[in-house]
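Visitor: Predicted model and sequence below, questions to follow.
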Amino acid sequence: MDKTNTKKTLRIASKMDKIEKKIAYLTSYIDVLKHQDEVKVEKKINAWLDDQKENLLAYEVRTLSKEDYHQNFIQPKQDEVSKTYDLKERALRQSLKRKLDKADATQKEVLQKTFDENIATLHAELNEKLSEIEKELSVHAPSESARKEALKQYSDEKKKVSQEQQLLKESFEKEYALSFENQKARIQKQIDALKLKLDVLSKTHKSLLEQQENVLPDDVILRLDGLMMQFGGLVAVSNLSFDVKQGEIFGLIGPNGAGKTTVFNCITQFYKPTDGHIYYRDKRLNTIHLNDYIVHDVIKQGIVRTFQNVELIWELSILDNLLVGAHSTYQTGFFHHLFHTRRFLREESVLKAKAIKVLTDLNLLQYKDFYPLGLPYGILKQVELARTLMSEPQLIILDEPAAGLNDLETDRLIETIRKIQYDYKVTIFLVEHDMGLVMELCDTICAISFGKKLAIGTPKEIQSNKVVQEAYLGGE
């Protein structure tokens, strides 16, 4: 590979990425603005309706029979008063009990007498208040003809309120629509300017790509070529080579200590390989030599991973955990985040909308305001998968995603992984000990033992491979 040409191509690709992210942000912000206006209209309508309730209630009361009026207005008031006096009586009884414990026989007699008088007074007050409330019922005694007339008036008034509500809603929507269209026009102007820049860069990028040597076949997203990882005298991975095709679910299997997680750590550059090459094709079709990257820059190339244990932040809600997963996509910097500037709040509103969409797609929306602690382990595993989607990945690496799950949770996980593969058009590379999941889910499987490749092929081919059966599955 021509390193000079490659560096230039990647620089242009980086500029294109920034412009595309800006375009995506502005496009999404238009939708956020529209939603915000809809919420404002709804709030104004609800506030107006609250003001109309008292007027409508007066009409509704006149439609009620004596029995309905008692049930809806008299009884609730009486229940509330009775509850208050019941609490007062309990307080008096508790006070008497504490005093009796410390008093002698003479004092007890006096205390009991005082208590009985207080209770009698309390009951008298309660009966008086209940009687006053009951008197309201005698005032409400409409005739049948009066009720029919009241029903007609109530119906007419509700219709009138409904019509006014519709007119008011249209007025509010028109008011906000004018402001929205002005903002949309300004944003669209920015988008159009960015698209022109992107078109120029795309042509240059395409020209440079055509000059590059194709290291990877068109259908391959990841290639390990002679990968070697040695820790002192221990060889964890030995001359391992295979291709992962674009859009497939690729499984890496092997017994404990076979070197599976080490392979993942080499791909993500957590470990720097002792020898060999790792090539990756990004979304712009650039062939990237991952060995040249440092670990925290790998995610920027569209590669994300999960770990064997759940790595959520327990002090944050599920929604906020997803926002943490979007850290690599933020365009605002430390200053904006520290002072919660307007620009940061706008960007966060766009990312929140994206997180809610991801949670909705994976049937996790009901958990958005929950904290991880106490949620089922299977849900937490799915939340981790949802979080990976926040950085718009091309390749998702899953390290034992089914570890600790029961059969039902594993089935749901399989459905979720398939949905992510299909709906988000990503490639999935996983390590897993659950052979049922691997055989059902994976398109291609590579079996390794002691860091060496035993076989690679379809699930059926791996199941029938005698070398794999002897080394990993225990033979026939």
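Guide: Great, that's in hand.
Visitor: contacting residues for the spatially closest residue to Ala326 that is not a sequence neighbour?
Guide: Leaving aside its sequence neighbours, Ala326 sits nearest to Met390 (Cβ to Cβ, 6 or more residues apart in numbering; 4.0 Å). Where C-beta positions appear, they are placed from N, C-alpha and C, glycine not excepted. For Met390, the set of contacting residues under the criterion of Cβ atoms under 8 Å, 6 or more residues apart in numbering consists of 322-323, 325-326, 329, 351, 354-355, 358.
Visitor: now do 10 Å
Guide: Remark: with contacts taken as Cβ atoms under 10 Å, 6 or more residues apart in numbering, Met390 is in contact with 304, 321-329, 351, 354-355, 358.
Visitor: PyMOL command for the buried members of the residues you listed?
Guide: The buried residues among the contacts of Met390 can be selected in PyMOL (16 or more other Cβ atoms under 10 Å) with this line:
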select buried, resi 304+321+322+323+325+326+329+351+354+355+358
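Visitor: Where in the chain is the helix or strand with the lowest mean pLDDT?
Guide: Least confident helix or strand, the chain: helix 66-69 with a mean of 81, by mean pLDDT, DSSP states H and E.
Visitor: Next, the buried residues of that one.
Guide: Buried residues in helix 66-69, counted by 16+ other Cβ under 10 Å: Tyr69.
Visitor: Surely Gly226 is in a strand?
Guide: Yes: with the criterion set as DSSP: H, G, I helix; E, B strand; the rest coil, the secondary structure at Gly226 is a strand.
Visitor: I'd say it and Ser238 touch.
Guide: Yes: contact status for Gly226 versus Ser238: in contact at 9.5 Å, counting by Cβ atoms under 10 Å.
Visitor: who's more crowded, those two?
Guide: When Gly226 is set against Ser238 and neighbours are counted by other Cβ atoms under 10 Å, the residue ahead is Ser238, at 19 against 12.
Visitor: Check which helix or strand that one maps to.
Guide: Ser238 is located in strand 234-245, with elements delineated by DSSP states H and E.
Visitor: Buried ones in that strand, by neighbour count?
Guide: Of the residues in strand 234-245, those scored as buried under the neighbour-count criterion (16+ other Cβ under 10 Å) are 235-238, 240, 242-245.
Visitor: again with stretch 6-22
Guide: Quick answer for stretch 6-22 (16+ other Cβ under 10 Å): 6, 9-10, 12-13, 16-17, 19-20, 22.
Visitor: Make CSV out of those residues and add distance to Leu405.
Guide: Supplementary listing: the buried residues of stretch 6-22 in CSV, determined by distance: Cβ to Cβ, whole Å:
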residue, distance to Leu405
Thr6, 42
Thr9, 42
Leu10, 39
Ile12, 44
Ala13, 38
Met16, 40
Asp17, 35
Ile19, 41
Glu20, 36
Lys22, 40
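Visitor: of all the residues you listed, which comes closest to Ile119?
Guide: Of all the buried residues of stretch 6-22, the one with the least separation from Ile119 (Cβ to Cβ) is Lys22, at 75.1 Å.
Visitor: mind checking how far that closest one is from Val41?
Guide: Relative to Val41, Lys22 is positioned 29 Å away (criterion: Cβ to Cβ, to the nearest Å).
Visitor: do Val263 as well
Guide: Taken as Cβ to Cβ, the spacing of Val263 relative to Val41 amounts to 54 Å.
Visitor: who has more neighbours, those two?
Guide: When Val263 and Val41 are compared for neighbours, Val263 comes out ahead with 28 against 19, by other Cβ under 10 Å.
Visitor: What ranges does this protein have for its helices?
Guide: 3-62, 66-69, 75-102, 105-139, 144-211, 260-267, 318-324, 334-339, 342-361, 377-388, 407-423, 435-441, 459-464, 466-468 (DSSP state H).
Visitor: so of the ones you listed, which one's packed in deepest?
Guide: Among those, judged by mean count of other Cβ atoms under 10 Å, the one packed with the most neighbours on average is helix 260-267 (a mean of 23).
Visitor: pretty sure Ile23 contacts Gln331?
Guide: No: applying Cβ under 10 Å as the test, Ile23 and Gln331 come out as separate, 11.5 Å apart.
Visitor: related to what we said a few turns ago, to Tyr279, which of the helices of the chain lies closest?
Guide: Nearest of these (Cβ to Cβ): helix 260-267, 10.6 Å.
Visitor: Can you pull out the low-pLDDT segments for the stretch 251-400 of the chain?
Guide: Along the stretch 251-400 of the chain, the model assigns pLDDT under 70 to no residue.
Visitor: dump the residue contacts of the most centrally placed residue in the chain.
Guide: Per Cα atoms, centre = their mean, the C-alpha nearest to the average position across the chain is that of Leu359, at 4.0 Å. By Cβ under 10 Å, 6+ apart, Leu359 lies in contact with 318-319, 322, 365-368, 382-383, 386, 389.
Visitor: Chain neighbours aside, what residue packs nearest to Gln308?
Guide: Setting aside the residues directly before and after it, Gln308 is nearest to Glu400 in space (Cβ to Cβ, 6+ apart), at 4.7 Å.
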